[in-house]
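Colleague: Give me the fold of what follows.
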Amino acid sequence: MGFKPNNGVTVPRADLGALAYQFEITGSMRGFIADRILPILEVGERTGDYPVISKETFLKLFDTKRNFLSEYKRSGAGFEFDNYTCKEYGWEEAIDDGERALYQRFFDAEEIATMRGVDQLMRSREKRVADMIFNETNFTPHALTVEWSDIKNADPKKDIQTASQAIRLLVGMKPNVLVVNETVFFNLLNNRNFIDACKYQIAAQMLPIDQQKALLSAYLGVEVVVPGGLYDTAAKGQASVIADIWSSSYAFLGIVASGRDLKTPSV
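Modeller: Take a look at the predicted model:
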């Protein structure tokens, strides 16, 4: 993060850099979940390959019995390899000296520009991740018998149990995260089966939003993650049309890593 005076020399601004960092780490409070679903892994080169540990490496069942004076049986299973290519993303915000002076009575234009620039990068990444996760090319979609918007007849708990068993038998692990946008989240909160399950213990609708997520997660048996990021879908110069970055047409049930460890099996 730097300030570029009229002579074209960039002067690093530690204060704006610190502001940018603080604004970035509070992204989850603004509804950005990209780093939660696809944690960033730092690499030393722009392109390269990485080892992939297959599920067969862990799930194959071998005869481990050893006879006297014989060697232990061993596995020859190795690693597969995949590759990556990094792409560069960036954004600049221009502030004129006169513009900065004009607004200084009301706000610091440089601080606003810094936050706007960081927000642009984070919002764009959120959209890229959402488009990868809610994507019928990357994941085979499974249609629901009864849509969750039908709060009287849908049975999301049964749907998730069925899907969890299918995932467990496919990859050898149970899913730990359900990603739904706010529209779908509220449909789940108002589902008749969910309300009936907790009505004699606690009034779920009266709880703060974080406690509602926790209660719904306990009911469904998987952590419910609710992105809240929005974006303007209208072309520049047109009247704004605000929409969710994460579509209400899909929900993602899968395995998400708890950190940036490449050894953790995850999406």
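
Colleague: can we go C-alpha only for contacts and neighbour counts from here?
Modeller: Fine.

Colleague: Give me the neighbour count for residue 125.
Modeller: By the measure other C-alpha atoms under 10 Å, the count of residues near residue 125 is 17.

Colleague: do the same with residue 216
Modeller: Counted with other C-alpha under 10 Å, residue 216 comes out at 22.

Colleague: for it, what are its contacts?
Modeller: 188, 189, 194, 224 (C-alpha atoms under 8 Å, 6 or more residues apart in numbering).

Colleague: Distance of it relative to residue 197?
Modeller: 10 Å (C-alpha to C-alpha, to the nearest Å).

Colleague: Closest to residue 52 out of the contacts of residue 216?
Modeller: Among the contacts of residue 216, residue 224 lies closest to residue 52 (C-alpha to C-alpha), at 27.9 Å.

Colleague: Measure how far whatever helix or strand the closest one lives in is from the centre of its chain, please.
Modeller: Element membership for residue 224, per DSSP states H and E: strand 223-225. Distance of strand 223-225 from its chain centroid, counting by C-alpha atoms, centre = their mean, to the nearest Å, is 11 Å.

Colleague: Direction included, what does that strand pair up with?
Modeller: Its sheet considered, strand 223-225 pairs with strand 177-179 (parallel) by DSSP bridges.

Colleague: How about the helix or strand just after the partner strand, which residues are buried there?
Modeller: Once the chain leaves strand 177-179, the next helix or strand it forms, by DSSP H and E, is helix 182-189. Buried positions in helix 182-189, judged by neighbour count with 16 or more other C-alpha atoms under 10 Å: 182, 184, 185, 187, 188, 189.

Colleague: And residue 69, what's its pLDDT?
Modeller: pLDDT recorded at residue 69 is 88.

Colleague: Can you give me the distance of it to residue 62?
Modeller: 20 Å.

Colleague: of those two, who's got more company?
Modeller: The residue with more neighbours, out of residue 69 and residue 62, is residue 62; 9 against 6, by other C-alpha under 10 Å.

Colleague: got a list of what residue 204 touches?
Modeller: 189, 195, 198, 212, 215.

Colleague: coming back round to it: and the following helix or strand past the strand holding residue 224, which strands flank it?
Modeller: Sequence order places strand 230-232 as the next helix or strand after strand 223-225, per DSSP H and E. Looking at strand 230-232 with DSSP bridges, its partner strands are strand 242-244 (antiparallel).

Colleague: what does the next helix or strand after the partner strand rub up against?
Modeller: Going down the chain from strand 242-244, the next helix or strand is strand 252-254, by DSSP H and E. Contacts with strand 252-254, where a contact means C-alpha under 8 Å, 6+ apart, come from 133-134, 160, 163-164, 167, 174-180, 266-267.
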